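In: Sequence plus the predicted model coming up.
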Amino acid sequence: MKKLYPLLSIALLLSACAPPAPVRPTPDLSSQPAAPAPETPPPGSSTVNAGQPLARRADVQAFIREMTARHGFNAARLQAVFSRAHAQPSIIAAMSRPAEAKPWRDYRTIFVNPKRIQGGVAFWRANEAALARAEQVHGVPPEIVVAIIGVETQYGGNMGKYRVLEALSTLAFDYPRRADYFRKELENFLLLTRAEGIDPLAPRGSYAGAMGYGQFMPSSFRSYAVDFDGDGHRDLWRNPRDAIGSVANYFKKHGWRTGAPVAAPAEVSGAAYATLVSRKLGQPQHSVASLQSRGVRPQEPVGGGQAAMLLEFQGRDGPEYWLGFDNFYVITRYNHSQLYAMAVYQLGQEIRERYERPYAGAPLPERLTRAD
């Protein structure tokens, strides 16, 4: 019998479109695809145009005319904005590098580690009222919201260094592979800065244009960000209350089921289970009872009628098996990766345990402090 990852002491240890896009555009690391060859920037790309203001480019001028005609922007003001912005070749280099498809044993330690656990407890304590209200309003437990913000930006400590306008413009005009997507995000960015009264040159974010505590892309910002403290602004950069409410709202709008489980450890036996392992992102298609009949045994009480998917991760001691439920799938709507969803879940469980049962200054248990 193949066993799952050793049980923890707790109960369970990157736009409005269809299907929904993730908050930020990140690769799916769970399937570990063959790495593509680096993309060669085409003639006239950001490498060539890096020194000149974006406003001097014909494609940017066409975009300005489009924004003026479609959305009533002032052409002179957009001209002035793009005159102060430049393409960034380093962004193309970052996007064109093959994605690192780390196995779970390495991926987990990046996010589920003492620093992020301790930081999550501190963030929770500093924002208890907002997190409690988000759970009341949207039904999403605090540990999930805190873990998302911890994974994305280390609780606001690393929101990105690039001008969002320059990141999105570089990808919209010099990254053919996904130019249409980023051109739409640039359009959404200008619309949201106008609506929120923000200088388009001011916001900073990731090289892909994701913003704030939760790294929302502009389309996700416009669709799901909320003014959670009622001050008249949706500020995801400096206001953790708005960020907390926005992350919880995103999950609610994508189908979060209040009080329902996220994942449960499992053991497998026989050979029939192998064809049931979920390799692609999707909602659970099997009942727990049907999985049990084919050699999958949950290690915690789970109703037989509960919909679930069988997940397999490469752990330090061999394959680990989990059941993922509907709420696990909802986490993958935030970032399209099973690894990401499991990291968020496990980090959240660790944070909740430490928050509810602080060790009064004693060293963290070995399972949290070991170097791996």
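Out: Ah, there it is.
In: Spit out the contact partners of the spatially closest residue to residue 126 that is not a sequence neighbour.
Out: Leaving aside its chain neighbours, residue 126 sits nearest to residue 240 (7.7 Å; criterion: CB to CB, 6 or more residues apart in numbering). C-beta coordinates here come from the backbone N, C-alpha and C atoms, glycine included. The neighbourhood of residue 240, defined by CB atoms under 8 Å, 6 or more residues apart in numbering, consists of 123, 126, 127, 130, 149, 156, 213.
In: of the residues you listed, closest to residue 327?
Out: Using CB to CB, residue 149 is the member of these that sits closest to residue 327, with 17.6 Å.
In: which ones are touching the closest one?
Out: Applying CB under 8 Å, 6+ apart as the definition, the contact partners of residue 149 turn out to be 123, 155, 156, 213, 214, 240, 243, 244, 247.
In: So which of those are in helices?
Out: In helices, judged by DSSP state H, the following of the contacts of residue 149 are found: 123, 240, 243, 244, 247.
In: Can I get the contacts of residue 149 in a markdown table including pLDDT and distance to residue 136?
Out: Formatted as a markdown table, the contacts of residue 149 follow (pLDDT from 0 to 100; distance: CB to CB, whole Å):
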| residue | pLDDT | distance to residue 136 |
| --- | --- | --- |
| 123 | 98 | 19 |
| 155 | 98 | 22 |
| 156 | 97 | 23 |
| 213 | 98 | 20 |
| 214 | 98 | 19 |
| 240 | 98 | 17 |
| 243 | 98 | 17 |
| 244 | 98 | 12 |
| 247 | 98 | 15 |
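In: ok, so of those, who is nearest residue 173?
Out: When these are compared for distance to residue 173 (CB to CB), residue 214 comes out closest, at 26.6 Å.
In: From residue 88, how far out is the closest one?
Out: Relative to residue 88, residue 214 is positioned 23 Å away (criterion: CB to CB, to the nearest Å).
In: Comparing these two, which shows the higher neighbour count?
Out: Set residue 214 next to residue 88 and count neighbours by other CB atoms under 10 Å: residue 214 wins out with 30 against 20.
In: ok, and the closest non-adjacent residue to that one?
Out: Ranked by CB to CB, 6+ apart and with sequence neighbours excluded, the top spatial neighbour of residue 214 is residue 247, at 4.7 Å.
In: next one: residue 149
Out: Excluding the flanking residues, the one nearest residue 149 by CB to CB, 6+ apart is residue 213, at 5.0 Å.
In: okay, now the one you found: neighbour count?
Out: Here the neighbour count serves as a burial measure; for residue 213 (other CB under 10 Å) it reads 28.
In: burial measure for the closest residue to residue 153 other than its chain neighbours, as a count.
Out: The spatial neighbour of residue 153 that comes closest, neighbours along the chain excluded (CB to CB, 6+ apart), is residue 159 at 5.1 Å. By the other CB under 10 Å criterion, the neighbourhood of residue 159 contains 21 residues.
In: I am finished for the moment; much appreciated.
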